[in-house]
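Q: sequence unknown, structure follows:
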């Protein structure tokens, strides 16, 4: 496909993503490419790479573009995106794992002279010469994104994050250097991580099977059940997936069930089970000898869990579509897991559009919902039982502050240290003896951004 046409498709898809506030970008991308059967495999990959690179670096790349080009100089959408791609190309070596030159012009991408590579990219894309001084202008502008100390606006550009998220992180106690490191870590695509989900095969057994199949894989550093797949691989037809021996699950998500550390005979309520990734993991940790009620207000999510259960055939998991206290016959549980709805800000490596879609008013509504869920379900924890609160969020408003207010209202609960739970499984995390909250961060732990708080009822 002509590069100008390819970039036109990219602009069209980016427009769809911008207009949709609910549908994930990867779902929109899949739908877009399926509807255009004339796109070949290379074109589909190029389109996806360009669109997601643009989403990851959106504010910084647009800043560089606006700084150099007057709008009157960019009459065509494909030209605007070409300029944006040039900006991303300039920052890609330091910030991202994708360089658009490699997609649009592989020969130019191998050039040792960056000015030549950029000129070749521009010429191949637009059929015209690079505007004079574009490369020099970019080099002059890039230092403006490297600031220390930074004001909020500068730090937002340098970290490729909205200003209000930067403010939230800084107010929550995160250092400027850590915010910058977090923003840069979120620019890199997340790896494909699996969980060894078999009751009869070890992780080492599965790694050996992948090696025999020619699939590059390695163990995760934290989760004793995790496997990182190091190449593009379609696994849904693999025998290990069809038989339930593996599940796709980020390493951070896996650590949630380990933080609960259930005994085999516990009665557990997973009140926000969703599609059931953590539910299935809990059943595995209990060796299918416990009793788990998996509930979710969204019946469609539970239907996904029902389909997943067919591959695993766990007898200990029972589904219940609950709304508050209705339909719940059992009144006391050894443990209640509340993996509450959240902004999903910790999953930006996988869904970069999230950081541009969420806003402070939405955050306020989500926090109110999280507090309602805590109020609805904390009473189901028996005396001496465990309440585990979890999110896939980076924001202190959804994490530490929600739990602080809950403890202020409920003296019957107290913090319960996480270290003994993780030590049961040989998980090495630098935790203090009394630490009961954990914020997982991609730049620190290599995982998605997850938060867990472990409480015990007196």
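A: Received, thanks. Predicted, not measured: the structure shown is a model, and the values here were computed from it.

Q: give me every residue that touches the nearest residue to residue 192 once chain neighbours are set aside.
A: In space, and not counting its chain neighbours, residue 192 is closest to residue 229: 4.3 Å by C-beta to C-beta, 6 or more residues apart in numbering. For the C-beta atoms, the positions are set from N, CA and C on the backbone; glycine is no exception. By C-beta atoms under 8 Å, 6 or more residues apart in numbering, the contact set of residue 229 is 191, 192, 193, 194, 210, 215, 216, 217, 235.

Q: Quick one: those as TSV, columns for secondary structure, neighbour count and distance to residue 295 too.
A: Listed next are those as TSV, based on DSSP: H, G, I helix; E, B strand; the rest coil; neighbours: other C-beta atoms under 10 Å; distance: C-beta to C-beta, whole Å:
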residue	secondary structure	neighbour count	distance to residue 295
191	coil	15	31
192	strand	16	29
193	strand	22	26
194	strand	26	26
210	helix	22	35
215	coil	17	36
216	coil	11	38
217	strand	20	34
235	coil	15	29
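
Q: Can you tell me which of those lies closest to residue 405?
A: residue 193 (32.7 Å; C-beta to C-beta).

Q: hang on, the earlier thing: would you tell me which one of the contacts of residue 229 comes nearest to residue 398?
A: Once C-beta to C-beta is applied, the member of the contacts of residue 229 that ends up nearest residue 398 is residue 193, at 22.9 Å.

Q: Bridging across strands, which residues link to the residue nearest to residue 192?
A: residue 192, residue 217 (DSSP bridges).

Q: So, low pLDDT: which residues of the stretch 1-150 of the chain?
A: Applying pLDDT under 70 to the stretch 1-150 of the chain picks out residues 68-79, 86, 89-144, 146.

Q: cutoff 80 now
A: 1-4, 64-148 (pLDDT under 80).

Q: could you pull out the helices for it?
A: Assigned by DSSP state H, counting those that start in this stretch, the helices in the stretch 1-150 of the chain fall at 3-19, 25-34, 41-56, 58-68, 77-95, 100-104, 106-109, 114-126, 134-141.

Q: again, but for the stretch 351-458 of the chain
A: 354-357, 360-377, 400-409, 419-423, 442-445.

Q: you'd agree residue 170 is in a helix?
A: Yes - under DSSP: H, G, I helix; E, B strand; the rest coil, residue 170 sits within a helix.

Q: check contacts around it.
A: 152, 155, 176, 179.

Q: Is residue 39 in contact with residue 6, as I believe?
A: No - the pair residue 39 and residue 6 fails to qualify as a contact (C-beta atoms under 8 Å) at a distance of 9.1 Å.

Q: where do the contact lists of these two overlap?
A: Shared contacts of residue 39 and residue 6, counting by C-beta under 8 Å, 6+ apart, come down to residue 47.

Q: circling back to that earlier point, now for the helices of the stretch 351-458 of the chain, which one comes closest to residue 257?
A: helix 419-423 (9.9 Å).

Q: got a list of contacts for the closest one?
A: 255, 258, 259, 260, 261, 428, 429, 431, 432, 433, 435, 454.

Q: Quick check on the fourth one: phi, psi?
A: The reference is to residue 260. phi -70, psi -40 (degrees, to the nearest 10).

Q: Just list whatever residues bridge to residue 438.
A: The partner residues for residue 438, given DSSP bridges, come to residue 452.

Q: separation between the residue nearest to residue 192 and residue 156?
A: 33 Å (C-beta to C-beta, to the nearest Å).

Q: sorry, back to before: list the ones among the contacts of residue 170 that fall in strands.
A: Per DSSP state E, strands hold no members of the contacts of residue 170.

Q: any chance of the contacts of helix 419-423 in JSON lines, plus pLDDT and neighbour count?
A: Formatted as JSON lines, the contacts of helix 419-423 follow (pLDDT from 0 to 100; neighbours: other C-beta atoms under 10 Å):
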{"residue": "255", "pLDDT": "99", "neighbour count": "28"}
{"residue": "258", "pLDDT": "99", "neighbour count": "24"}
{"residue": "259", "pLDDT": "99", "neighbour count": "23"}
{"residue": "260", "pLDDT": "99", "neighbour count": "23"}
{"residue": "261", "pLDDT": "98", "neighbour count": "20"}
{"residue": "428", "pLDDT": "94", "neighbour count": "9"}
{"residue": "429", "pLDDT": "96", "neighbour count": "16"}
{"residue": "431", "pLDDT": "96", "neighbour count": "18"}
{"residue": "432", "pLDDT": "96", "neighbour count": "9"}
{"residue": "433", "pLDDT": "95", "neighbour count": "7"}
{"residue": "435", "pLDDT": "98", "neighbour count": "14"}
{"residue": "454", "pLDDT": "99", "neighbour count": "23"}
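
Q: just to revisit the earlier point, which among the contacts of residue 229 gets closest to residue 29?
A: residue 192 (16.8 Å).

Q: Contact partners for the closest one?
A: 228, 229, 233, 248.

Q: In a markdown table: those residues, plus pLDDT and distance to residue 277.
A: Output for these, formatted as a markdown table (pLDDT from 0 to 100; distance: C-beta to C-beta, whole Å):
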| residue | pLDDT | distance to residue 277 |
| --- | --- | --- |
| 228 | 98 | 17 |
| 229 | 97 | 17 |
| 233 | 89 | 19 |
| 248 | 96 | 8 |
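
Q: Among those, the buried ones, what's the ChimeraX command?
A: To isolate the buried members of the contacts of residue 192 in ChimeraX, using 16 or more other C-beta atoms under 10 Å:
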select :228,229
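
Q: okay, the contacts of residue 192 in TSV with distance to residue 168 next?
A: Below are the contacts of residue 192 laid out as TSV (distance: C-beta to C-beta, whole Å):
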residue	distance to residue 168
228	30
229	33
233	36
248	29
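
Q: on that earlier part again, out of the contacts of helix 419-423, which sit inside strands?
A: Reading strands off the contacts of helix 419-423 with DSSP E, I get residue 454.

Q: Can you name every helix or strand that the lengthiest strand in the chain contacts?
A: Scanning the chain for the strand with the most residues, using DSSP E, yields strand 381-391. Where contact means 3 or more C-beta pairs under 8 Å, 6 or more residues apart in numbering; DSSP states H and E, strand 381-391 is packed against helix 251-260, strand 333-339, helix 400-409, strand 451-457.

Q: Just name the most buried of those.
A: helix 251-260 (a mean of 26; mean count of other C-beta atoms under 10 Å).

Q: Direction-wise, compare that helix with strand 451-457 and give the angle.
A: If you take axes from the mean of the first three to the mean of the last three C-alpha atoms, to 10 degrees, helix 251-260 sits at 10 degrees to strand 451-457.

Q: Toward the C-terminus, what is the element adjacent to helix 251-260?
A: strand 267-270 (DSSP states H and E).

Q: Skip ahead from that following strand and say which helix or strand is next.
A: On the C-terminal side of strand 267-270, the nearest following helix or strand under DSSP H and E is helix 277-285.

Q: So what touches the next helix or strand along the chain from that following helix?
A: The first helix or strand that comes after helix 277-285 along the chain, using DSSP H and E, is strand 291-295. Residues outside strand 291-295 that contact it (C-beta under 8 Å, 6+ apart): 266-273, 276, 279, 282-283, 286, 302, 305, 316-322, 328, 330, 333.
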